[in-house]
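Colleague: Coordinates only, no sequence provided:
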């Protein structure tokens, strides 16, 4: 199953009827692909708006924006194929983001590394990542495919008081 990611975008015609606006591979105009990265980041859709405005047709191609790991505002969805070690995969750096993330394992197996523990995740399992320091590692022998839904967030004053200073964020 691992390979290119098809994206179907819907909209409305002049009479308000639902239509397919586009169907195919979303453009990938960024360097986050290949063995040197250890993963393929497949950008699917994003919006800088916290509450997106639904229009008849999209205002443009959202993947045409400059690549950023996490949104400064709004949300994004991407499918990431994380390579196994024999294909150039490696553990990501420990990192923290200012986002609420829903990470769904679609295929393969992935290890979520936290400060105090590790969690092995299999297809159909979901992580709700809430601004914690973490890393990802594929220790298997095949690509692990995951869907990531990143939503821009803010740290509470209570949490900021506990976090290490200076606060290091991946953005």
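Modeller: Cool, got the structure. Just so it is clear, the structure is predicted and the values come from calculations on it, not from any experiment.
Colleague: neighbours of residue 133, just the number please.
Modeller: 15 (other CB atoms under 10 Å). Where you see a C-beta, it was placed from the backbone N, CA and C, and this is true even at glycine.
Colleague: can I assume it is in contact with residue 96?
Modeller: Yes: with contact defined as CB atoms under 8 Å, residue 133 reaches residue 96; the gap is 4.7 Å.
Colleague: what's the closest non-adjacent residue to residue 23?
Modeller: residue 8 (4.9 Å; CB to CB, 6 or more residues apart in numbering).
Colleague: host element of the residue nearest in space to the middle of the chain?
Modeller: Centroid-nearest residue in the chain, with CA atoms, centre = their mean: residue 148, separated by 3.4 Å. In this assignment (DSSP states H and E), residue 148 forms part of strand 144-152.
Colleague: how about that strand: buried residues?
Modeller: 144-152 (16 or more other CB atoms under 10 Å).
Colleague: Who does the helix or strand that contains residue 8 pair with, and is each partner parallel or antiparallel?
Modeller: Following DSSP H and E, one finds residue 8 within strand 7-12. According to DSSP bridges, strand 7-12 has the following sheet partners: strand 18-24 (antiparallel).
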